[in-house]
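Student: One predicted model, sequence on top.
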Amino acid sequence: MSEQHDVLIVGGGTAGITVAAQLLNQEVAPKVTIVEPSTTHDYQPIWTLVGGGVFPREVSRRPMADVMPRGATWIRDRIVSFEPEKNEVQTESGKTLAYNELVVGAGIQLNWDAVKGLPEAIGKGGVCSNYGYDKVPYTWESIQAFQGGNAVFTYPATPIKCAGAPQKIMYLAEETFRRRGIREQANVIYASATAGIFGVPKYAEALNKVVADRNIQTQFAKNLVEIRPQSREAVFKDVNNGEELVLKYDMMHVTPPQGAPNFIKQSALADEAGWVGVDKHTLQHTKFPNVFALGDCSSLPCSKTGAAVRKQAPVLVQNVIAFRAEKPLSARYEGYASCPLVTGYGKVILAEFGYDGVIMETFPFDQAKERYSMYALKAYGLPSMYWHGMLQGRG
């Protein structure tokens, strides 16, 4: 027997909770059900500052029950398969959930085991990562314990959540080394599979200057493929010609390869790359019209950030409401994403852009300049807006 649901939302992260809250705020609200196995909800953008020693990790976490929108039904379970032809999903506990409309906001999967030796190396011997509530405290420990040698910061050859994160922690570490008087003994190396420091030229120019001013070495088109903790070596492959580069490390911050969650990748909802295949403007599935997706698990060709979700959610909600009323889907998403690039303690370059790198800035000044005001926004303003605004279905 299947349970019938009105709007079924997969995922209780930023995307799922925001959409649920906005749907329930409608004048004529549909019944909303959220399927989410976790008992806690994390505000992940603050992990850069946790790894940099500014905040304790506890500021990022709240009970899931506290962020569930009033009026939503919460099913504490995990989706294992989709059957969009039948308008059904299967859960880990063996339930069949039927839906009128499906919204997929299941986030991204961290593939630690895609780098040989990484699962064994992470969390000790100076190998750290901000990508995880359980892992982030060791980043600050590693930065404090570092006495000199090579401090390596990596970026994988996959899409990732928050494309700026791998370099933000590097700038905080580099400043900490200077404050501790050990900068002369440190080689700070940014080893990234990307072609350059940032994908949008305006901000890339500003960041290249930061890198040059701080004597940070860059190795682009280099993808981390193996860690050898015994010899403290990191093995990289050139993404263009496959040449191997072996770097010694004394400390290394690793951004793990990432991808669509397996249960999406193996489903009829997935596009060729494994993401939920949706129209990049309407967020409606390209094959199943009563299915919508947003956030990190979607095929949207934009940066995978909470700020992107903030702009996607109202578009998706308007289009779901229109779909239910058998009206045309008129709301459009133009690819907006924001990345507050922390370049030091008290300094942020606020990158804001849309599809094809179109600049979409909010403030009436040059956002490619480092500013304290934008740091204050990142550290204090945005978390407050997240908990008290976005997750409540407002802005």
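Tutor: Yep, it's here.

Student: ends of stretch 62-76, how far apart?
Tutor: Using Cα to Cα, to the nearest Å, one end of stretch 62-76 lies 16 Å from the other.

Student: which other residues reach that stretch?
Tutor: Contacts to stretch 62-76, defined as Cβ atoms under 8 Å, 6 or more residues apart in numbering, come from residues 5, 12, 17, 20-21, 24, 29, 31-41, 43, 91, 95, 97, 387, 391-393. C-betas here are computed from N, CA, C, even on glycine.

Student: which among those end up buried?
Tutor: Taking 16 or more other Cβ atoms under 10 Å as the criterion, what is buried in these is 5, 12, 17, 20-21, 24, 32-36, 41, 43, 91, 97, 391-393.

Student: Among the residues you listed, name the ones in strands.
Tutor: Using DSSP state E, the members of the buried ones among the contacts of stretch 62-76 that fall within strands are His5, Val32, Thr33, Ile34, Val35, His41, Thr91, Leu97.

Student: Report the contact partners of the last one.
Tutor: Contact partners of Leu97, counting by Cβ under 8 Å, 6+ apart, are Ser2, Glu3, His5, Leu8, Thr33, Val35, Ile75, Glu88, Val89, Gln90, Thr91.

Student: Check the third one too.
Tutor: Residues in contact with Thr33, defined by Cβ under 8 Å, 6+ apart, are His5, Asp6, Val7, Leu8, Ile9, Ala72, Thr73, Trp74, Ile75, Leu97, Tyr99.

Student: these two touch, right, the first one and Lys31?
Tutor: Yes. His5 sits in contact with Lys31 when judged by Cβ atoms under 8 Å, with a separation of 7.1 Å.

Student: which residue ranges form the strands in the stretch 251-395 of the chain?
Tutor: Secondary structure of the stretch 251-395 of the chain (DSSP state E, counting those that start in this stretch): strands at 251-253, 258-259, 291-293, 337-344, 347-353.

Student: can you pull out the strands in the stretch 1-150 of the chain?
Tutor: Secondary structure of the stretch 1-150 of the chain by DSSP E, counting those that start in this stretch: the strands cover 2-10, 32-35, 40-42, 61-63, 73-75, 79-83, 88-91, 96-104, 109-110, 127-128, 149-155.

Student: Indicate which one of the strands of the stretch 251-395 of the chain is closest to Pro201.
Tutor: Closest approach to Pro201 among those is made by strand 347-353 (10.2 Å; Cβ to Cβ).

Student: elements contacting that closest one?
Tutor: With contacts defined as 3 or more Cβ pairs under 8 Å, 6 or more residues apart in numbering; DSSP states H and E, strand 347-353 has these neighbours: helix 201-213, strand 337-344, helix 372-376.

Student: Now the longest one: buried residues?
Tutor: Translated: helix 201-213. For helix 201-213, a neighbour-count test (16+ other Cβ under 10 Å) marks Lys202, Tyr203, Ala204, Ala206, Leu207, Val210, Val211 as buried.

Student: and what of the last one?
Tutor: Of the residues in helix 372-376, Met374, Tyr375 count as buried by neighbour count, 16+ other Cβ under 10 Å.

Student: residues making contact with it?
Tutor: By Cβ under 8 Å, 6+ apart, helix 372-376 touches Pro340, Val342, Tyr345, Gly346, Lys347, Val348, Ile349, Leu350, Gln367.

Student: So which of those residues wins on neighbours?
Tutor: For these, the largest neighbour count, defined by other Cβ atoms under 10 Å, is 27 neighbours, found at Val342.

Student: list the contacts for that residue?
Tutor: Listed by Cβ under 8 Å, 6+ apart, the contact set of Val342 reads Thr48, Leu49, Gly52, Gly164, Lys168, Tyr171, Leu172, Val348, Tyr375, Lys378.

Student: The fourth one touches Phe198, doesn't it?
Tutor: By that I understand Gly164. Yes. Counting by Cβ under 8 Å, Gly164 touches Phe198, with 7.5 Å between them.

Student: Pull up the overlap in contacts between those two.
Tutor: Shared contacts of Gly164 and Phe198 (Cβ under 8 Å, 6+ apart): Leu341, Ala351.

Student: which of those two has more neighbours?
Tutor: Gly164 (26 against 22).

Student: any idea how far Gln318 is from the closest residue to the more buried one other than its chain neighbours?
Tutor: Nearest non-adjacent residue to Gly164, counting by Cβ to Cβ, 6 or more residues apart in numbering: Cys339, 4.2 Å away. In this structure, Cys339 and Gln318 are 25 Å apart, going by Cβ to Cβ, to the nearest Å.

Student: the more surrounded of the two?
Tutor: Set Cys339 next to Gln318 and count neighbours by other Cβ under 10 Å: Cys339 wins out with 26 against 18.

Student: Which ones among the contacts of Val342 map onto helices?
Tutor: Thr48, Leu49, Lys168, Tyr171, Leu172, Tyr375 (DSSP state H).

Student: Contacts for stretch 24-32, please.
Tutor: With Cβ under 8 Å, 6+ apart as the contact definition, stretch 24-32 has outside contacts at 5-7, 9, 20, 23, 69-73, 100-101, 317, 320-321, 324, 393-394.

Student: Out of the residues you listed, which end up buried?
Tutor: Among those, those classed as buried by 16+ other Cβ under 10 Å are 5, 7, 9, 20, 23, 69, 72-73, 100-101, 317, 320-321, 393.

Student: Which of the residues you listed sits closest to Lys237?
Tutor: Nearest to Lys237 among these, with distances taken as Cβ to Cβ, is Ile9, at 38.8 Å.

Student: The closest one contacts Ala21, doesn't it?
Tutor: No. Counting by Cβ under 8 Å, Ile9 stays clear of Ala21, with 10.6 Å between them.
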